[in-house]
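**Student:** Below: sequence and its predicted model.
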Amino acid sequence: MIESSENGVRPASEADLEAINKIRAQLRLTAIGLEDLSSEGRTTFVSTQSGAVIGYATVRFPASRHQLQYAEVEQLFVSCDIQRTGVGTALLQRAQRFACAETTATHLYLRVAEEFEKAQRCYIKFGFKITGREGQGVLMTKPIREHESDA
Ligand SMILES: CC(C)(COP(=O)(O)OP(=O)(O)OC[C@H]1O[C@@H](n2cnc3c(N)ncnc32)[C@H](O)[C@@H]1OP(=O)(O)O)[C@@H](O)C(=O)NCCC(=O)NCCS
C-alpha cells in the first residue's frame, strides 16, 4: 500500500474503507472490514475520480507467492452510476500488473456467481475464459505473462 496513483488507480489505505463500504451498500452487499482488504495476502486498489473512490479490487496471494501459478482477483466492485465506463477494466489491469510484478503467477483466476452475467462479460472481454464451475459459481482464468505490455 505504498505505490503512487496511476490512471486514477492507487493502493487503498485504511481511510478508504468507508467509501468502499458505501459502494458495497449501493450494490446491496454486506459491509467488510479492513482485514478483508489487507490481511492474509490481500492487497486492495481503489479507483478514484476527483478524489472520490468509485471502485475497488482486491488481489490475494498465498504466502508462497514466489512459487505461485494462480493469483486471485478476490473482489471487484464499481459504483453503480459509474459502471461501464472502464473503471473495472482499469482495476483489472492494475491487478494484473501487480500480480506480474509481485509473484511468479502465470495466471489470474477468480470466482464469480453464475448470475453475474455482466461481470462475466467484463472478465471475458479482459481475456478471462471459463475454466470450471463450483456450486453456483463460475471459475475463470487468464494467462498474464504472454502479453505483459498490454496490461
Ligand atoms: C462487473 C463490474 C466490476 C465491471 O466493471 P465496469 O467498470 O462496469 O466495467 P467496464 O466499464 O470496464 O466494462 C468492460 C466490459 O464489461 C462488459 N460490461 C460491463 N458492464 C456491462 C453491462 N452493464 N452490460 C453489459 N456488459 C457490461 C462490457 O463488455 C464492457 O465492455 P464495453 O463497454 O466496451 O462493451 C461492475 O459493473 C460491477 O461492479 N458490477 C456489479 C457487481 C458485480 O457484478 N461484481 C462482480 C462480482 S465478482
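**Tutor:** In hand now; what should we look at? Numbers count the residues shown, from 1 in each chain.
**Student:** check contacts around the residue of the chain found nearest the ligand.
**Tutor:** Relative to the ligand, the nearest point of the chain is Gly88 (2.2 Å; CB to the nearest ligand atom). Backbone N, C-alpha and C define where each C-beta goes, glycine included. The contact partners of Gly88, taken as CB atoms under 8 Å, 6 or more residues apart in numbering, are Gly55, Leu76, Val78, Cys122.
**Student:** can you do 6 Å?
**Tutor:** By CB atoms under 6 Å, 6 or more residues apart in numbering, Gly88 lies in contact with Val78, Cys122.
**Student:** did I read that right, it in a helix?
**Tutor:** Yes: the assignment for Gly88 by DSSP: H, G, I helix; E, B strand; the rest coil puts it in a helix.
**Student:** For it, give its distance to Leu34.
**Tutor:** Gly88 sits 23 Å away from Leu34, going by CB to CB, to the nearest Å.
**Student:** Check Thr48 too.
**Tutor:** 19 Å.
**Student:** list the buried ones in stretch 101-117?
**Tutor:** Thr103, Ala105, Thr106, His107, Leu108, Tyr109, Leu110, Arg111, Val112 (16 or more other CB atoms under 10 Å).
**Student:** Name the residues that touch that stretch?
**Tutor:** Residues outside stretch 101-117 that contact it (CB under 6 Å, 6+ apart): 61, 65-66, 68-73, 99, 119-120, 136-145.
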